[in-house]
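In: One predicted model, sequence on top.
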Amino acid sequence: MGMEQSAYLTEPDSAAETATAENTASATQAAACVVEYAHARHAALPPHTTYALLEYPEFVAVPGAARYAYGLLTWQGARVPLLNLNALLHADADAARAAPRYALILAYQSAARGPLGFGAIGLATLPRTLAVDDAALCALPDDSCLWPQLALSCFQHEGYAVPILSTARLFAAYHGHA
Amino acid sequence: MNATTQLQAEAMPKGNYVLLTADTLHLILPQHEVGAAGYLEGGLEASDVPGLLKLSGDDGAHRFVALSAQMTPLPHCPPERFLVASLGEEDDELSWCWNELQVLINVELPLHRLPSVLCAPDTPVDRYVEIEGKLAYLCSARQLRAFAFPPEN
């Protein structure tokens, strides 16, 4: 992919954030988009919330923004927040200063039948899509106090606990504690 | 469907503004809060107060500020910051250094609110405009001064 080139991952549906732990678990197997947001640290996203992938995203810093914020990303003529999950979840403030290789554009809904909102997370590596079995369900990891607020569920993969993030919870409000 | 569905623009109060540029930082302030622009008359060096600069070799009381992209004072003034202006009405002895000042007469630009996930309690800006392809934060002289030089507890 070239500079600023984007790849569309899924077409958004009109209920981007209606996926819950319950309907994720209703099937024997479900797909999950897994990202390695820092070395050996993983999270998953419902595939229908993943919208596009940008390489070398351009963003503008926001003065005095939350310490986990890269800034505002330009995408399709709009500005969307670009976040550093590692800085958010693990108070790794320095990590938010280096520009990420990729930006994964995510859709969310703050309310049922409300308009779609968009946000992005910075990544160093490409996301992967996995098939996750119900039997892989596990407890949330205890390495961040924000997991209970941000995660819909969690599964075990290759020895890692992989929380499934709610994009609505991720982008809806400022996260003051980590 | 496109990304603009999440942005609800409101109208910026119609009036006169000044677009201030410090490298990648663009700020829009009401015109009445920006003093007359002038040229920097020499090189700047650090003063005895962190964040405040003074003219090299000058022992006067006049001080200067050069901002970073994060709206915090730089320890030096980049060479292309040759325009200076005072801000607000409180201190004529303080000038702020800019690459460019552009007066915007009788403008009413669409105003966008920053996503709340980006805004910490002490984030000094919460709205921005798009102007000539640039993103500029709407700010007041008081907000700028308070963020650049937070009061000591």
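Out: Right, received. Where do you want to start? Residues are numbered from 1 along each chain as shown, chains lettered A, B, ... in the order given.
In: Where does pLDDT dip in the chain?
Out: You didn't say which chain, so I picked chain A. Across chain A, the ranges flagged by pLDDT under 70 are A:1-27, A:92-97, A:177-178.
In: wrong chain, I was asking about chain B
Out: Using pLDDT under 70, the flagged stretches of chain B are B:1-9, B:90-91, B:153.
In: make it 80
Out: For chain B, the stretches flagged by pLDDT under 80 are B:1-9, B:11, B:89-92, B:152-153.
In: And the helices in it?
Out: B:141-148 (DSSP state H).
In: Give me the residue at the spatial middle of it.
Out: Chain B has B:Leu27 as the residue nearest its centroid, 4.7 Å off, counting by CA atoms, centre = their mean.
In: All the strands of chain A, residue numbers only.
Out: Counting by DSSP state E, chain A has strands at residues A:6-8, A:29-38, A:41-45, A:50-55, A:59-60, A:69-75, A:78-83, A:102-109, A:116-123, A:128-133, A:151-157, A:160-165.
In: quick one: buried residues of stretch B:117-127?
Out: Using 16 or more other CB atoms under 10 Å in any protein chain shown as the test for burial, stretch B:117-127 gives B:117-120, B:123-127. From N, CA and C alone the C-beta is placed, and that goes for glycine too.
In: I'd like the residues you listed written out as a markdown table, with distance to chain A added.
Out: Output for the buried residues of stretch B:117-127, formatted as a markdown table (distance: CB to the nearest CB, whole Å):
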| residue | distance to chain A |
| --- | --- |
| B:Val117 | 5 |
| B:Leu118 | 5 |
| B:Cys119 | 6 |
| B:Ala120 | 5 |
| B:Thr123 | 4 |
| B:Pro124 | 5 |
| B:Val125 | 6 |
| B:Asp126 | 10 |
| B:Arg127 | 11 |
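In: of all those residues, which two lie farthest apart?
Out: Greatest spacing in these, by CB to CB: B:Val117 and B:Pro124 (16.8 Å).
In: Do stretch A:113-125 and chain B come into contact?
Out: Yes - applying CB under 8 Å from any CB of the partner chain, one finds stretch A:113-125 touching chain B at A:115-119.
In: ok, and the most crowded of those residues?
Out: Highest neighbour count within the residues of stretch A:113-125 next to chain B: A:Phe118, with 29 neighbours (other CB atoms under 10 Å in any protein chain shown).
In: Return the set of residues that bridge with it.
Out: With DSSP bridges as the criterion, A:Phe118 is bridged to A:Ala107.
In: Contact partners for the nearest residue to B:Asp92 once chain neighbours are set aside?
Out: Among residues not flanking B:Asp92 along the chain, B:Ser86 sits closest, at 5.8 Å (CB to CB, 6 or more residues apart in numbering or on different chains). By CB atoms under 8 Å, 6 or more residues apart in numbering or on different chains, the contact list for B:Ser86 reads B:34-35, B:92, B:94-96.
In: What about these, which are in strands?
Out: Mapping the contacts of B:Ser86 onto strands (DSSP E) picks out B:94-96.
In: out of those residues, who's nearest B:Glu132?
Out: B:Glu132 has its nearest neighbour among these in B:Trp96, at 21.2 Å by CB to CB.
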